[in-house]
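Colleague: Provide a 3D model corresponding to the input given below.
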Amino acid sequence: MSASQRPLTVDHGSNKAWLPQGADLLALGALLLGLGLLYIPTYSDLSSTIWATDEQGHGPIILGVSIWLFFQKRHELAALNQPGDTGLGWLCILPAFLLYLLGRTQAVILFEVGSQILLLIGLLLLFRGRAGLRMCWFPLFFMIFMIPLPGALVATVTGPLKAIVSTVAESILYNIGYPVARTGVILSVGPYQLLVADACAGLNSMFTLEALGLLYMNLMKYTGAARNIALAVLIVPISFAANVIRVMILVLVTYHFGDEAGQGFVHGFAGMVLFMVALMLMLLTDKVLGLFLPAYASDTEGKPA
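Modeller: The predicted structure follows:
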């Protein structure tokens with residue numbers, strides 16, 4: 001039979017089943033039920049408090065992406081034949097329960113949310129051993145960005161950040177001809193005054209953009225350590241620049257269209273602009289880094305081995 005007459009074959013691997021073949025549905029269901037009973041009340045509390053604010057609104061997105069990242073690993077985890085590490089698994093699970101109880105009963109949200117990472121580490125060790133833990137290291141690490149930052153840390157860092165962002169935005173706008181003046185973190189433009197809020201130039205936005213950058217590197221499957229470190233470090237000034245651009249947009253909209261426009265739909269849309277600008281700057285930075293640093297450790301031409 002000639003090559004043109006060969007029967008077509010279907011690559012079943014490209015259309016993987018929803019669940020791994022031979023999965024123990026009863027055990028999986030019991031595990032998901034237990035996690036739901038523990039953390040659905042936590043997520044419910046977060047959705048009506050911290051996650052409802054502009055500063056911490058990225059939490060549900062981080063949670064959704066983390067679940068998706070774990071889901072992507074389901075077939076690889078099921079294919080592992082190595083035994084679980086019972087001792088080390090329970091060594092993580094028991095402290096995780098204690099941390100959860102402490103956080104839940106004493107309203108320490110940092111402990112309550114953070115406990116699920118330790119619990120998942122313990123479950124992975126218990127059922128799939130250290131190989132399973134290594135396989136899921138990035139989804140576990142990514143969940144750190146879902147943990148609400150301590151208020152004291154946010155207050156300490158956000159104040160200076162807002163002052164610097166306000167200063168840079170004022171300087172740029174003034175030098176291109178706009179009547180802008182600054183008093184602390186209040187920008188005066190024409191007859192209007194704008195307060196640079198925490199959500200516009202705070203630590204949380206940088207934290208979220210850092211998560212976006214790390215997710216980008218993971219999806220690109222970069223293995224070059226120098227490339228990854230350089231991009232991760234440069235995300236900090238990238239997020240700063242994006243915050244400055246966001247503040248400048250709000251000032252310009254307020255100046256040209258009035259305070260109602262600046263505080264209405266455009267104010268919310270500016271948050272989307274922040275991430276779009278940051279993403280474009282990150283992609284541009286990645287392209288520039290590609291001229292000097294290989295993306296993959298074993299191939300200086302930028303291709304995985």
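Colleague: where does the stretch 51-200 of the chain dip in pLDDT?
Modeller: Low-confidence regions of the stretch 51-200 of the chain, defined by pLDDT under 70, span residues 54-55, 198-200.
Colleague: how about 90 then?
Modeller: Counting by pLDDT under 90, the stretch 51-200 of the chain has low-confidence residues at 51-59, 61, 75, 77-84, 107, 147-163, 165, 184-186, 189-200.
Colleague: just the strands from it, written as ranges.
Modeller: Listed from the start of the chain, the stretch 51-200 of the chain has strands (DSSP state E, counting those that start in this stretch) covering 180-183, 186-189, 192-195.
Colleague: wait, what's in contact with the residue nearest to the spatial centre of the chain?
Modeller: Residue closest to the average C-alpha location in the chain (Cα atoms, centre = their mean): A211, at 3.2 Å. Counting by Cβ atoms under 8 Å, 6 or more residues apart in numbering, A211 makes contact with 58, 62, 142, 145. (Each C-beta comes from the backbone N, C-alpha and C, glycine too.)
Colleague: now the helices for the stretch 101-250 of the chain?
Modeller: Ranges of helices within the stretch 101-250 of the chain are 109-135, 137-142, 151-175, 198-201, 203-220, 225-257, based on DSSP state H, counting those that start in this stretch.
Colleague: can I get the contacts of A211 in a markdown table with neighbour count?
Modeller: Listed next are the contacts of A211 as a markdown table, based on neighbours: other Cβ atoms under 10 Å:
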| residue | neighbour count |
| --- | --- |
| H58 | 21 |
| I62 | 20 |
| F142 | 20 |
| F145 | 21 |
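Colleague: in these, find the pair that's most separated.
Modeller: H58 and F142 (11.8 Å; Cβ to Cβ).
Colleague: now, of the strands of the stretch 51-200 of the chain, which is deepest in the fold?
Modeller: Ranked by average neighbour count under the criterion mean count of other Cβ atoms under 10 Å, the strands of the stretch 51-200 of the chain are headed by strand 186-189 at a mean of 18.
Colleague: please name every helix or strand in contact with that strand.
Modeller: helix 151-175, strand 180-183, strand 192-195, helix 225-257 (3 or more Cβ pairs under 8 Å, 6 or more residues apart in numbering; DSSP states H and E).
Colleague: any idea which of those gets closest to M206?
Modeller: helix 225-257 (4.4 Å).
Colleague: what pLDDT, on average, does the closest one get?
Modeller: Throughout helix 225-257, pLDDT has a mean value of 88.
Colleague: buried ones in that helix?
Modeller: 227-228, 230-231, 234-235, 238-240, 242-255 (16 or more other Cβ atoms under 10 Å).
Colleague: returning to that earlier point: tell me the pLDDT at the residue nearest to the centre of the chain?
Modeller: 88.
Colleague: that older thread, tell me which of the helices of the stretch 101-250 of the chain lies nearest to G190.
Modeller: Smallest distance to G190 across the helices of the stretch 101-250 of the chain (Cβ to Cβ): 5.4 Å, for helix 225-257.
Colleague: just give me how far the closest one sits from the chain centre.
Modeller: Offset of helix 225-257 from its chain centre (Cα atoms, centre = their mean, to the nearest Å): 16 Å.
Colleague: now the angle from that helix to helix 151-175?
Modeller: 60 degrees (axes from the mean of the first three to the mean of the last three Cα atoms, to 10 degrees).
Colleague: which neighbouring elements make contact with helix 225-257?
Modeller: Using 3+ Cβ pairs under 8 Å, 6+ apart: helix 225-257 touches helix 151-175, strand 186-189, strand 192-195, helix 198-201, helix 203-220, helix 259-263, helix 265-290.
Colleague: avg pLDDT for the longest one?
Modeller: In this model, helix 265-290 carries a mean pLDDT of 80.
Colleague: show me what that helix is packed against.
Modeller: Judged by 3+ Cβ pairs under 8 Å, 6+ apart, the packing partners of helix 265-290 are helix 203-220, helix 225-257.
Colleague: just send these back as CSV, with distance to Q72 too.
Modeller: Listed next are these as CSV, based on distance: least, Cβ to Cβ, whole Å:
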stretch, distance to Q72
helix 203-220, 10
helix 225-257, 20
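Colleague: show me what contacts I62?
Modeller: Per Cβ under 8 Å, 6+ apart, neighbours of I62: 142-143, 145-146, 211.
Colleague: closest to D85 among those?
Modeller: Checking the contacts of I62 against D85 by Cβ to Cβ gives M143 as the nearest, at 20.8 Å.
Colleague: isn't L19 up against R74?
Modeller: Yes. Contact criterion Cβ atoms under 8 Å: L19 and R74 qualify, at 7.1 Å.
Colleague: alright, calling it a day.
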